[in-house]
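*Asks:* I need the structure of the sequence given here:
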Amino acid sequence: MTLKFPLFVLLFISTLASAQETMTVNGSKPFPATQEYTFICEKYAYTGETKVQVAKTEKGGILKLSIATANEKSRISGGVYVDLANGDVIPCVDKNVKESADGKTTSYYYFTPAEMAKLKKADIKGIRFIIVGGSNTFGNQTGYFTTVNKTAYFSTAFDTSKKSYDTAKEISVL
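*Replies:* As a prediction, this is how the structure comes out:
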């Protein structure tokens with residue numbers, strides 16, 4: 001009897017630890033997804049951060065790219081390029097699947113099964129994208145940006161810990 005209770009607690013905790021994130025696109029059914037990563041975008045003066053998430057679908061996968069904007073006219077538009085750590089580049093075509101709410105713009109891009117296989121083998125190094133919007137006084141920053149897989153802006157030379165997210169490992173678990 002005393003062995004069953006700790007075993008039950010261990011199983012319960014392991015179930016909570018492996019709880020998986022989900023992603024919905026415009027009210028669709030939820031897809032299993034990675035955690036939402038915060039990539040660093042140094043050239044984007046408004047926040048300097050981009051939220052990135054990858055989900056698995058029946059026909060491949062989805063990339064969710066979100067960034068805070070200063071006005072509602074600004075949005076991520078056009079194709080994006082996903083740069084992998086092994087030097088591969090995955091171009092994603094804009095299929096005009098977008099959302100804007102709470103001062104953020106979000107765009108969704110779709111991966112084929114072959115592209116998802118590449119994402120399982122190599123970490124995402126960076127994502128290149130374009131922000132467009134109305135040009136007015138005190139408007140949002142627009143142009144071409146690259147967001148990089150870094151966990152923090154600064155670190156010391158003596159810090160030997162890994163400074164990027166293990167995206168390939170999490171995507172392969174999906």
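
*Asks:* Any regions of the protein where pLDDT drops low?
*Replies:* For the chain, the stretches with pLDDT under 70 are 1-19, 134-139, 153-156.

*Asks:* Geometric centre of it: which residue is closest?
*Replies:* Residue closest to the average C-alpha location in the chain (CA atoms, centre = their mean): Val52, at 1.5 Å.

*Asks:* immediately after the host helix or strand of that residue, which helix or strand?
*Replies:* Here Val52 sits within strand 49-57, counting by DSSP states H and E. As assigned by DSSP H and E, the chain's next helix or strand after strand 49-57 is strand 60-68.

*Asks:* what lines up beside the helix or strand following that following strand in the sheet?
*Replies:* Using DSSP H and E, the helix or strand that follows strand 60-68 in sequence is strand 75-84. Strand 75-84 pairs in its sheet with strand 89-92 (antiparallel), strand 124-132 (antiparallel), by DSSP bridges.

*Asks:* Alpha carbons of strand 75-84, as CSV, please.
*Replies:* Extracted in CSV, the C-alpha atoms of strand 75-84 (Å, rounded to 0.1, in the frame of the first residue of the first chain):
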residue,chain,number,x,y,z
ARG,A,75,1.2,43.6,-40.0
ILE,A,76,3.6,40.8,-41.0
SER,A,77,3.2,40.4,-44.7
GLY,A,78,4.8,38.6,-47.6
GLY,A,79,6.8,35.4,-47.5
VAL,A,80,9.2,34.5,-44.7
TYR,A,81,12.4,32.5,-44.7
VAL,A,82,13.1,30.1,-41.8
ASP,A,83,16.9,29.7,-41.5
LEU,A,84,18.0,26.4,-39.9
